[in-house]
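> mind looking at a prediction? Sequence and model below.
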Amino acid sequence: MWVGLPAALLFAAVVTSASLRSFRRFSEETQARAQVAARHHAAELEAMLRQVEKIPDMVGLEMETGALDTTEAVESYLRRVVEANPEIYGSAIAFKPFGFSPEIRDYGPYWYRHKGEAEFVQLGTPDYNYPQWDWYRRPRDEGQAIWTEPFFDDGGGNVVMITRAVPFRRHDQFWGIATIDMPVSKLTATVQRIAMGQRGYGFLVSREGRFITHPNPEMIMNRMVQDVNPQLGARMANGEDGWMLTREPDGGREAWVAFSPILDGALSLAVVFPREEVLADANRLLAELLALGLVGLALLFTAIVLVARSVARPIGKLATAAQEVAGGNLDLQIDSRGATSEVRHLMDAFGRMTRDLQMRMQELRYTTTIKERLEGEMSAARSIQMSLLPKTFPAFPDRSEFDVHAVVRPAREVGGDFYDFFLIDERRLCVLIGDVAGKGVPAALFMAVSKALIKANVMSGVPLSVAVGHVNDELCEEADAGMFVTLLAAVLDTATGELEYANAGHLSPFLLGADGSLGPLDGGHSPALALTKRLHFATARHQLTPGDSLFLFTDGVTEALSASREFYTPQRLQIVLRDVCALPVQRITRSVIQDVRTFAADEAQADDISVLALRWIGATGLINDDTATTPATQPLTRSLS
Amino acid sequence: MQINEQKQGDVMIVAIDDHLDTIAAPAFEQRLLGLIDGGERKLIVDCSALQYVNSAGLKVFLLTAKKIETLGGQLVICSLAASVLMIFEMIGFTRIMKIAPNREEALLALGSSAPA
């Protein structure tokens, strides 16, 4: 919008400059016009008066010839002069007293026009008494021709007139005066023809400054120019040719007045241009200029507003859109219609950017969703898997003949370790530990299926070898991805301490004798489960003595890696077990787990770590769990040294 | 993991690295399954360099054996180190898979003889 301001300022400057120049130009033009008009009309009047001026000269010369020696001759001559010169009002000859004839003292024949007819008057009457009039006295006294001041010819022509009076002589002596009259009305008509446009007017003054013509009739004959405007009066009376900016003679208005003398200053013509009337033109011009400029400005502003809108509105929309997009609304559609092409390009580019961003966001969201879902599935699988494992200890608080404890330390990724223990009936306890090959959700699922199948089959009451065989056959149906399960299952007769066990591809458990002996419990080996159908699974038997313990574990223990990439190894496990074999089962399991953790230190746990310890106390409960005092860690240190 | 392939007649012999654990197993599995998909039906995995295998690695052997057998082919695993053979025995692989002491025996088992 502010783009319009410079234009407005420029416009104001143009108008100011134009009006200043226009006023100056008007002043100069008006002055020049007034001067030209004054000179022109003065010359016109002078030409007219010069023409009639010759008439009394001619009359005088005729008189001086002496040819006209009778009153009749003089009067008819004079009548012919008047009739032959329509531009003059009248003509007179005035002889000096007794000049024409000794019988007539004052002889002044005068012919003039009256209603189109020539009228005759003898001016040498006591009433008129011409020798007292200026037109007679002044040329006689000055000895030369003159133009009189305007006067009312009372008893003569009976109009206001100016008279040309020329002396003539006889015998080198003044003899008389010849005149012609110009009625002021005639001059008025001429001056009034000075149609100074509609603004100016002219006036004529005599040598003495009397107004001869003026648009205001009250001024004529009554006022003197020097009385109403002394400066102007002085210059006009001097017969100057010039101009001045002054006040109007009959009013207070400022005006340009140009003046020019006529007949060597006998008259002076003035042309008046009142300033305000002249400037009215300038003002009108200025008003037109202003109006035009304002219309132009209005158009300019309209154009600016339209252009600004077509640019600013889309950019405003774009800014709003950018904010919204920044706020996360990537679905925003931008309408680029109605914008200029540059802005449209910008908007289109912005739109493309938003769409690209949206696509990237969707991709990211998709992959993140997948990843989160996978991770979610993983952790769900892991927690499901872990929830499948019994973790309530003591597991059989009302049974004193045996004690069992198990700990699983799951890897970050879902592994396939599992364990279980349950009473098949009042006498027989089943403990088992297993490991599904592989990791992830399939392994977890396979582990859940395996564990359920094993329990169901063992609980069905069939011999252990049959139960394991059934489980194998059923798992073979499920396993299609090379999945297999290693399992160690043992059934303890809690009354007699007889142990029957099956080892399907699993690591041999350790037997921790009540007498301090320690060794793997071999035997009962079979292939892992889910490898192939219809396998026969062997079982082995071992008679426990009261206080004997069985330690079951997965390869997560023996294959745990240290920072130096060493395996934990069955040997180290044996050393730990030797130290803790007499402790309560939960101390045995926790000690092993603790030692594995110490061994692996900060190394990432690659596999699940599971341990299970079962102690047969005996039918009479020979050993009190809480009597054991040997600390778990101290013997380990001793063993390693 | 380094896996070397060598075609001998219609038998593809794959020699594997010393370590076949959870990290190495996926690449190994992909390679073997790729060979089967490529039409190989007589496959020998030479394990003379193999020192350690865990359940993830064992799973690959099992999967490969099952897959090639359903397609009418056969997998022979040869040159197992004693420690690895012990694991194979423990899991029961020696009962369901063809295990040969060396490459010649493996080739013989596949019905093709070693070059002179």
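Structure's in. What do you need? Keep in mind it's a predicted model, so treat the numbers as computed, not measured. Numbers count the residues shown, from 1 in each chain, chains lettered A, B, ... in the order given.
> okay, CA-based contacts and neighbour counts for the rest of this
Fine.
> looks like B:Asp10 contacts B:Ile44 (just checking).
No. With contacts defined as C-alpha atoms under 8 Å, B:Asp10 does not count as touching B:Ile44, sitting 10.9 Å away.
> for the two, indicate the residue with more neighbours.
More crowded of B:Asp10 and B:Ile44, by other C-alpha atoms under 10 Å in any protein chain shown: B:Ile44, with 27 against 12.
> bridged to the more buried one, which residues?
Per DSSP bridges, the residues bridged to B:Ile44 are B:Ile13, B:Val76.
> so who does it touch?
If you count contacts by C-alpha atoms under 8 Å, 6 or more residues apart in numbering or on different chains, B:Ile44 has them with B:Val11, B:Met12, B:Ile13, B:Val14, B:Leu75, B:Val76, B:Ile77, B:Cys78, B:Arg103, B:Ala106, B:Leu107.
> same check, this time on A:Asp227
With C-alpha under 8 Å, 6+ apart, A:Asp227 has these contacts: A:Gly233.
> per-residue confidence at it?
Looking at A:Asp227, its pLDDT reads 87.
> any idea which helix or strand carries it?
helix A:225-228 (DSSP states H and E).
> dump the next helix or strand after that helix to PDB, keeping only the CA atoms.
Sequence-wise, the next helix or strand beyond helix A:225-228 is helix A:230-237, with elements assigned using DSSP H and E. Taking Å, rounded to 0.1, in the frame of the first residue of the first chain, the C-alpha atoms of helix A:230-237 are listed here in PDB:
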ATOM      1  CA  PRO A 230      -2.100  58.600  -7.700                       C
ATOM      2  CA  GLN A 231       0.700  56.400  -9.000                       C
ATOM      3  CA  LEU A 232      -1.300  55.300 -12.000                       C
ATOM      4  CA  GLY A 233      -2.500  58.800 -12.500                       C
ATOM      5  CA  ALA A 234       1.000  60.200 -12.500                       C
ATOM      6  CA  ARG A 235       2.300  57.700 -15.000                       C
ATOM      7  CA  MET A 236      -0.700  58.100 -17.300                       C
ATOM      8  CA  ALA A 237      -0.600  61.900 -17.100                       C
END
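> quick one: the strands in chain B, in order.
Under the criterion DSSP state E, chain B contains strands at B:3-8, B:11-16, B:19-20, B:42-46, B:52-53, B:74-78, B:98-100.
> the second one vs strand B:3-8, what angle?
The one in question is strand B:11-16. Comparing the axes of strand B:11-16 and strand B:3-8 via axes from the mean of the first three to the mean of the last three C-alpha atoms, to 10 degrees yields an angle of 160 degrees.
> quick one: low-confidence parts of chain B?
Along chain B, segments meeting pLDDT under 70 span B:113-116.
> rerun at 50
For chain B, the stretches with pLDDT under 50 are B:116.
> what's the answer for chain A, then?
Along chain A, the model assigns pLDDT under 50 to residues A:621-641.
> thinking again about what came up before, please identify the deepest-packed of the strands of chain B.
Greatest average neighbour count among the strands of chain B goes to strand B:42-46 (a mean of 25), per mean count of other C-alpha atoms under 10 Å in any protein chain shown.
> and it with strand B:11-16, angle?
Interaxial angle, strand B:42-46 versus strand B:11-16 (the same axes, to 10 degrees): 20 degrees.
> can you lay out the contacts of B:Ile44 as a markdown table showing distance to A:Gln605?
Listed next are the contacts of B:Ile44 as a markdown table, based on distance: C-alpha to C-alpha, whole Å:
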| residue | distance to A:Gln605 |
| --- | --- |
| B:Val11 | 39 |
| B:Met12 | 36 |
| B:Ile13 | 34 |
| B:Val14 | 30 |
| B:Leu75 | 33 |
| B:Val76 | 33 |
| B:Ile77 | 30 |
| B:Cys78 | 31 |
| B:Arg103 | 36 |
| B:Ala106 | 37 |
| B:Leu107 | 40 |
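> out of those, who's nearest chain A?
The shortest gap between chain A and any of those belongs to B:Leu75, at 14.0 Å (C-alpha to the nearest C-alpha).
> what's downstream of the host helix or strand of A:Tyr136, the next helix or strand?
Following DSSP H and E, one finds A:Tyr136 within helix A:134-142. Sequence-wise, the next helix or strand downstream of helix A:134-142 (DSSP H and E) is strand A:146-147.
> list the neighbouring strands of that next one plus their orientation.
Partners of strand A:146-147 in the sheet, by DSSP bridges, are strand A:160-170 (antiparallel).
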